[in-house]
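In: model this:
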Amino acid sequence: MPELPEVETVRDGLDRLVVGATVRDVEVFREYSVRRHDGGPGSFRDQLVGRRLGAAVRRGKFLWLPLDDPARPDGAPRAEPVETPAAALLAHLGMSGQLLVRGAAASGAQDPAATAVLPADPEPDGWQHPHLRVRLHLTGAPSGARYLDFVDQRTFGHLSVQDLVPGDGEPASSIPAGHGSDLPLLPQPVAHIARDLLDPNLDLDGLVRRVRRRRTQVKRALLDQTVVSGVGNIYADEALWRAKVHWARPTDKLRAADVRRVLDSAAEVMREALVQGGTSFDELYVNVNGESGYFDRSLAVYGQENEACRRCGALVRRDAFMNRSSFSCPVCQPAPRPRTP
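Out: Predicted structure coming up:
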């Protein structure tokens with residue numbers, strides 16, 4: 001599943017290439033991909049056509065594009081964006097979801113000559129990804145983008161139009177700050193999601209206290225999106241290896257310094273992954289241009305079963321964990337002793 005670095009890479013691409021575009025038409029090729037939208041595919045289309053896409057925002061593994069008010073009755077978009085959009089196009093990539101931008105200039109540079117008037121339908125180019133689920137036809141994008149395609153092989157991802165509601169009273173996440181980070185409202189399904197470790201408004205001391213109050217394994221706490229968002233299996237394992245903490249250590253037995261070291265390690269590894277475009281083990285994760293990330297070359301323990309630990313040389317161990325796997329070094333990350341009754 002795409003984690004924070006992958007979702008942020010996609011958010012950045014959307015922010016550069018589709019913000020300012022108006023949705024001219026919507027095609028839903030698989031209804032299941034808009035299952036979270038109340039009203040079904042017809043309502044999904046009706047709530048998007050004529051709306052202008054605002055600055056891309058992310059919280060954890062969710063990302064969204066605020067929607068300006070519909071176009072004027074004459075069909076032309078509004079001259080200026082509304083200050084506080086009431087709704088947003090929300091996306092969750094699930095296991096294999098991709099948002100692909102087509103027709104944009106390779107550099108993503110803004111074209112001041114791009115028209116803001118809805119043109120006639122462009123001639124179809126006939127290209128269609130075999131797992132294309134939803135296509136937004138765009139016009140007026142400063143980058144020249146003509147399509148925003150939602151591709152999803154495993155169909156766990158979804159798109160919807162959601163009302164924006166007050167969240168925790170603080171800005172939503174977005175990297176870097178200034179790209180939608182001051183948006184005071186969140187889509188309804190995101191309102192309960194916690195801030196992530198790269199959020200400039202995160203209360204790190206408060207997060208350390210919340211983690212230590214829980215009676216669970218430290219990796220389970222890292223994966224709980226209501227505690228801290230954006231961390232998945234890959235970056236949890238890498239962070240715990242860097243912090244020299246076993247994934248099964250009980251959170252209520254960890255010192256505050258240990259918890260902070262784990263959280264700092266998770267933030268560090270995700271920042272490094274961002275620079276490399278995220279982690280791609282296959283073609284299921286790509287950025288908006290269809291390009292893979294290459295942080296998988298830097299992974300120390302995840303997926304490295306029976307490989308030598310880069311720090312001590314011991315063989316990396318794989319354990320069953322929540323219907324998945326957890327990778328660790330048996331020497332650098334000694335397992336905790338069982339709790340006594």
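
In: all helices of the stretch 151-300 of the chain, in order?
Out: 204-213, 218-223, 233-243, 256-275 (DSSP state H, counting those that start in this stretch).

In: just name the most buried of those.
Out: Among the helices of the stretch 151-300 of the chain, ranked by average contacts under mean count of other C-beta atoms under 10 Å, first place goes to helix 233-243 (a mean of 25). Using the backbone N, CA and C atoms, a C-beta is placed for each residue, glycine as well.

In: now it, how far from the chain's geometric center?
Out: Relative to its parent chain, helix 233-243 has a centroid offset of 18 Å by C-alpha atoms, centre = their mean, to the nearest Å.

In: right, and the helices of the stretch 151-300 of the chain - which one's nearest Ala88?
Out: Across the helices of the stretch 151-300 of the chain, Ala88 has its closest neighbour in helix 256-275 (23.0 Å, C-beta to C-beta).

In: quick one: name whatever helix or strand follows that closest one.
Out: From helix 256-275 onward toward the C-terminus, using DSSP states H and E, the following helix or strand is strand 317-321.

In: does Tyr235 touch Val269 like I think?
Out: Yes: assessed by C-beta atoms under 8 Å, Tyr235 is found in contact with Val269 at 5.5 Å.

In: any low-confidence regions in the chain?
Out: 1-2, 69-84, 106-127, 167-184, 277-297, 339-341 (pLDDT under 70).

In: and it, what are its domains?
Out: 4-190, 204-328 (automatic domain parsing).

In: would you work out how far apart the start and end of the longest one are?
Out: Distance between the two ends of domain 4-190: 15 Å, counting by C-alpha to C-alpha, to the nearest Å.

In: gap between it and the chain center?
Out: Distance, stretch centre to chain centre, for domain 4-190: 13 Å (C-alpha atoms, centre = their mean).

In: one more: stretch 255-265?
Out: Distance of stretch 255-265 from the chain centroid (C-alpha atoms, centre = their mean) equals 24 Å.

In: who's in contact with it?
Out: 197, 204, 207-209, 211-212, 218, 222, 228, 238-240, 242-243, 245, 249, 251, 254 (C-beta atoms under 8 Å, 6 or more residues apart in numbering).

In: cutoff 7 Å now
Out: The contact list for stretch 255-265 (C-beta atoms under 7 Å, 6 or more residues apart in numbering) reads Leu197, Leu204, Leu207, Val208, Val211, Arg212, Val218, Ala239, Leu240, Arg242, Ala243, Val245.

In: quick one, what contacts the last one?
Out: Pointing back at Val245 there. Per C-beta under 7 Å, 6+ apart, neighbours of Val245: Val218, Asp258, Val262, Gln333.

In: now those residues as JSON lines including distance to Leu159?
Out: Shown next, in JSON lines, are those (distance: C-beta to C-beta, whole Å):
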{"residue": "Val218", "distance to Leu159": "34"}
{"residue": "Asp258", "distance to Leu159": "40"}
{"residue": "Val262", "distance to Leu159": "34"}
{"residue": "Gln333", "distance to Leu159": "39"}
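
In: show me which pair in the residues you listed is furthest apart.
Out: Asp258 and Gln333 (12.0 Å).

In: which helix or strand contains Asp98?
Out: For residue 98 the amino acid is Gln, not Asp. Counting by DSSP H and E, Gln98 is part of strand 97-102.

In: same check, this time on Ala91
Out: strand 87-92.

In: got the angle for that strand vs strand 97-102?
Out: Angle of strand 87-92 versus strand 97-102, following axes from the mean of the first three to the mean of the last three C-alpha atoms, to 10 degrees, is 120 degrees.

In: then strand 87-92 to PDB, C-alphas only?
Out: Output in PDB follows, covering the C-alpha atoms of strand 87-92 (Å, rounded to 0.1, in the frame of the first residue of the first chain):
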ATOM      1  CA  ALA A  87     -16.200  20.300  -0.900                       C
ATOM      2  CA  ALA A  88     -13.300  18.400  -2.200                       C
ATOM      3  CA  LEU A  89     -12.400  15.500  -4.500                       C
ATOM      4  CA  LEU A  90     -11.000  12.900  -2.100                       C
ATOM      5  CA  ALA A  91      -8.700  10.100  -3.100                       C
ATOM      6  CA  HIS A  92      -7.400   7.000  -1.200                       C
END
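
In: still on that earlier bit, could you dump the contacts of stretch 255-265 to JSON lines with distance to Ala308?
Out: Listed next are the contacts of stretch 255-265 as JSON lines, based on distance: C-beta to C-beta, whole Å:
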{"residue": "Leu197", "distance to Ala308": "29"}
{"residue": "Leu204", "distance to Ala308": "33"}
{"residue": "Leu207", "distance to Ala308": "33"}
{"residue": "Val208", "distance to Ala308": "33"}
{"residue": "Val211", "distance to Ala308": "31"}
{"residue": "Arg212", "distance to Ala308": "33"}
{"residue": "Val218", "distance to Ala308": "24"}
{"residue": "Ala239", "distance to Ala308": "20"}
{"residue": "Leu240", "distance to Ala308": "18"}
{"residue": "Arg242", "distance to Ala308": "17"}
{"residue": "Ala243", "distance to Ala308": "20"}
{"residue": "Val245", "distance to Ala308": "20"}
